[in-house]
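1. quick one: sequence plus predicted model below, questions after.
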Amino acid sequence: MIKVEICTGTTCFVMGGAELLMLEESLPESLADRVEIQGTSCMEHCKSNPAGEAPYARVNGKLIKQASIHNVITELKRITGEE
Amino acid sequence: MAYVEVDYFQLFKDQQRVGGDAFLSRKVRDENRVISVLSDGLGSGVKANVLSTLTATMALNYVTNHMDIEKAARVIMKTLPVCKTRKISYSTFSIVDVEKDNRVRIVEYDNPPFLLVRNGKVIDTAKQSIKLDNNTHTKEDVLKCVEFKARLGDRIILFSDGVSQSGMGTPEFPLGWRESSIRQFVCGILEREPELSARDLSRRIVQKAYTHNYNAAWDDITCGVINVRQPRELLIMTGPPIHKERDQEMAEIFELFTGEKILCGGTTANIISRELGRPIDVDLSHIHLDVPPTSNMQGASLVTEGTITLGKVVEILESGLNPDSMKPNGAVLLVQHLLNHDKIHFCVGTKINDAHQDPHVPVELEIRRNIIKRIQQALEDKHLKETTLQFI
Ligand code: FES
């Protein structure tokens, strides 16, 4: 199982995290049952890093800045070797 | 100290945009009194609305200013116009004054009699009838007065004749929903749900009356409930404390609070989670694009995001809309919790912005303070709640 954590804190939510929460519906079939999606409260990166990096997500622990459905899926594919 | 919870529910006569019944309440905070008035204006629509609102407002003002409740009633009756053809007063009323030691005084004029429910039973009170000489009226005017000491758990239920006469003429209720059956209905509900709020009980009674008329309102249907009980307390904790050293103190406030608790804000939830060693579990089963998801944490009734959610809460509270008819998201759930409690304590962290925060985002602390102030105001003014505020 690949774990995807999506930040649901204020900054991330406003910066595109809301759409990112729809990730599950956008997963290609090959990934659908290999991925576990979780929400997290503010990861607190928004407090110490330059603006513009949110929203944040983590894929198997690796931090993704400016996370989008697109770049999270790219990372997932990299892990499964599909790319 | 007992808490007096008041709320009402109302349906207007079909096709009417305003009601001919008025239910007004006022809390006199420094005196610990709650005064409520139900008035029913003759007829329906705008004219009846003006009359009942006038009656209720006069009663509220007189009684608030310590005019004897009986005298107030007389003054109102003198002032009210009398219908030329029917020679009866233009509006009826019931006034309830609950004072600080739970002393209750009620005066009724021509409204259906109030119900006092204690320990699941309707209690009959010894009412005194006072005849008023009024030669402009054809029928005798009688004021019914009663005084008693309320006990914890007592409910006083007022309703207009739209409730007691509901269903009149139907095979089931040829004479309307009469007092004995209303009593039965109310006792039945309270037996199943003894903790029912004033808001919910009044709504159930009105909705039931509505069904008697084959789902129509033949008249304005109004019910008000006054509930004397142990206050329900709620803690809303939002924002990180001014210094990190006070995180532990905040966690203690949370832990020691005996009522229900809600955390608003990711950082706030993170602090409590870390200090108390309890995981935060974000609930992704309902996703809304305008309000961030809620989370669960042991000991908290609800965990929400901060700024966006509280902003929506203000909107809902100020609009006066009923949250029960909205799609449940974090803000709607939070409003429901607020409305179901009596004393709401806000514990607001005052840490200022982190150095690196985007300068285009307005100062978070100011927003938070402002929003909380508006929530408090709406809760106190529109919903008669008591609130306290503590900064940390
Ligand atoms: S809101 Fe996502 S890191 Fe703070």
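-> Done, it's in.

2. B:Met168 is in what secondary structure piece?
-> Following DSSP states H and E, one finds B:Met168 outside all helices and strands.

3. on the pLDDT front, check it for me.
-> B:Met168 is assigned 92 on the pLDDT scale.

4. now the helix or strand harbouring B:Leu54: buried residues?
-> Per DSSP H and E: B:Leu54 is located in helix B:45-64. Across helix B:45-64, burial judged by 16 or more other C-beta atoms under 10 Å in any protein chain shown covers B:45, B:48-56, B:58-60, B:62-64. All C-beta spots, glycine's among them, are computed from the backbone N, C-alpha and C.

5. nearest to B:Leu143, of those residues?
-> Closest approach to B:Leu143 among these (C-beta to C-beta): B:Ala59, at 12.3 Å.

6. do you know how far the closest one is from the ligand?
-> According to C-beta to the nearest ligand atom, to the nearest Å, B:Ala59 and the ligand sit 52 Å apart.

7. ok, how many other residues are close to the closest residue to that residue other than its chain neighbours?
-> Leaving out its chain neighbours, the residue that sits closest to B:Ala59 by C-beta to C-beta, 6 or more residues apart in numbering or on different chains is B:Val37, at 4.4 Å. By other C-beta atoms under 10 Å in any protein chain shown, the residues close to B:Val37 number 29.

8. let me see the contact set for B:Val37.
-> B:22-25, B:55-56, B:59-60, B:63, B:93-96 (C-beta atoms under 8 Å, 6 or more residues apart in numbering or on different chains).

9. in what helix or strand does it lie?
-> Here B:Val37 is assigned to strand B:33-41, by DSSP H and E.

10. now that strand: average pLDDT?
-> Confidence for strand B:33-41, expressed as mean pLDDT, is 94.

11. can you check stretch B:199-217 too?
-> According to the model, stretch B:199-217 has a mean pLDDT of 91.

12. and stretch B:368-380, by the same measure?
-> 93.

13. buried residues in it?
-> Neighbour count says stretch B:368-380 has B:368-369, B:371-372, B:374-376, B:378-379 buried, by 16+ other C-beta under 10 Å.

14. could those residues be laid out in a markdown table, adding distance to A:Leu31 and secondary structure?
-> Shown next, in a markdown table, are the buried residues of stretch B:368-380 (distance: C-beta to C-beta, whole Å; DSSP: H, G, I helix; E, B strand; the rest coil):
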| residue | distance to A:Leu31 | secondary structure |
| --- | --- | --- |
| B:Arg368 | 39 | helix |
| B:Arg369 | 45 | helix |
| B:Ile371 | 40 | helix |
| B:Ile372 | 43 | helix |
| B:Arg374 | 45 | helix |
| B:Ile375 | 42 | helix |
| B:Gln376 | 47 | helix |
| B:Ala378 | 46 | helix |
| B:Leu379 | 47 | helix |
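
15. whichever residue of the stretch 251-392 of chain B sits closest to the ligand: how many residues sit nearby?
-> Proximity of the stretch 251-392 of chain B to the ligand (C-beta to the nearest ligand atom) peaks at B:Gly266, 6.0 Å away. Using other C-beta under 10 Å, B:Gly266 has 31 neighbouring residues.

16. tell me the contacts of it?
-> Counted by C-beta under 8 Å, 6+ apart, B:Gly266 has contacts A:8-10, A:41-42, B:305-306.

17. and of those residues, the nearest to the ligand?
-> A:Gly9 (2.5 Å).

18. B:Arg105: neighbour count?
-> Counted with other C-beta under 10 Å, B:Arg105 comes out at 18.

19. the helix or strand hosting it pairs with which strands, parallel or anti?
-> Secondary-structure assignment from DSSP H and E places B:Arg105 in strand B:103-109. Here strand B:103-109 is paired, per DSSP bridges, with strand B:91-98 (antiparallel), strand B:141-149 (antiparallel).

20. mean neighbour count, these: which tops it?
-> Ranked by mean neighbour count under mean count of other C-beta atoms under 10 Å in any protein chain shown, these are led by strand B:91-98, which reaches a mean of 26.

21. buried sites along the strand holding B:Arg105?
-> B:104-109.

22. could you do stretch B:298-315 as well?
-> B:300-314.

23. ok now that stretch, how far from the chain's centre?
-> 21 Å (C-alpha atoms, centre = their mean, to the nearest Å).

24. contact residues of the stretch 151-300 of chain B facing chain A?
-> B:265-267, B:269-270, B:273, B:280, B:282-284, B:287, B:289-290, B:292-293, B:295 (C-beta under 8 Å from any C-beta of the partner chain).

25. weed out the non-buried ones from these.
-> Neighbour-count burial (16+ other C-beta under 10 Å) applied to those gives B:265-267, B:269-270, B:273, B:280, B:282, B:284, B:287, B:292-293, B:295.

26. now render those residues as TSV, adding distance to B:Glu245, secondary structure and pLDDT.
-> Putting those into TSV (distance: C-beta to C-beta, whole Å; DSSP: H, G, I helix; E, B strand; the rest coil; pLDDT from 0 to 100) gives the following:
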residue	distance to B:Glu245	secondary structure	pLDDT
B:Gly265	19	coil	93
B:Gly266	21	helix	92
B:Thr267	16	helix	92
B:Ala269	19	helix	96
B:Asn270	16	helix	95
B:Ser273	18	helix	97
B:Ile280	22	coil	95
B:Val282	28	strand	95
B:Leu284	34	coil	92
B:Ile287	37	coil	88
B:Pro292	29	coil	96
B:Pro293	31	coil	96
B:Ser295	26	strand	97
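
27. backbone phi and psi for the spatially closest residue to A:Cys46 that is not a sequence neighbour, please?
-> Counting by C-beta to C-beta, 6+ apart, A:Thr11 is the residue found nearest to A:Cys46 once chain neighbours are left out, at 4.0 Å. Torsion angles at A:Thr11 (phi, psi; degrees, to the nearest 10) stand at phi -60, psi -50.

28. with that, I have no additional questions.
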